[in-house]
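Colleague: Task: produce atomic coordinates for the following.
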Amino acid sequence: MTERLMINQFMRVLVARAGGPANAASLIDIGLGIPLQGGMSTRVGTISKRLSGHLDWPLVEIMALEDALDDRCVRRWLLSTTPDHAEHIDLLDGASALSREVGEAVSAVVGLATGKADRARVRKEVQDARHVVERLSAVLEGDED
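Modeller: Purely as a prediction, here's the structure:
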């Protein structure tokens, strides 16, 4: 499958997750700082033409939609096609997961300290954070498959 088709397939999924072409166009405009009323904005017809393959997707619009949906699937795929950057992807994914899991663990510990969480939840959140640390350590040591 060519890069153009792959990107289009990823974008098809992102547009569907956004709720369709109209919502995707609005999210792209917001991400690019384009006022929703007046001015140059992303048109629903343009999104439809891109989905049908008649037009290519500009990188800035791909990135705006990915950021709006918090799913950088196109960027990850593009980086994964470059062998030199494979470790960087693992590190970025690891850092993101670590930040999320440690935040959840801290929140659970604070909840336990204030009587708003139970010990079992705290153990689970701390174990999840520990698991992410172990995976990230394996990447840094080159042991991850």
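
Colleague: Am I right that R72 is in contact with E66?
Modeller: Yes: the pair R72 / E66 is scored as a contact, 4.7 Å apart, by CB atoms under 8 Å. Any C-beta I mention is one placed from the backbone N, CA and C, and that applies to glycine too.

Colleague: What is the subsequent helix or strand relative to the lengthiest helix in the chain?
Modeller: If you go by DSSP state H, the chain has its longest helix at helix 86-113. Remark: after helix 86-113, the chain's next helix or strand is helix 119-141, criterion DSSP states H and E.

Colleague: Name the helix or strand for L65, please.
Modeller: L65 belongs to helix 59-69, assigned by DSSP H and E.

Colleague: residues contacting the nearest residue to L14 once chain neighbours are set aside?
Modeller: Nearest in space to L14, with sequence neighbours left out and distances taken as CB to CB, 6 or more residues apart in numbering, is L65 at 5.2 Å. When contacts are counted by CB atoms under 8 Å, 6 or more residues apart in numbering, L65 touches M11, L14, V15, A18, A24, L27, I28, G31.
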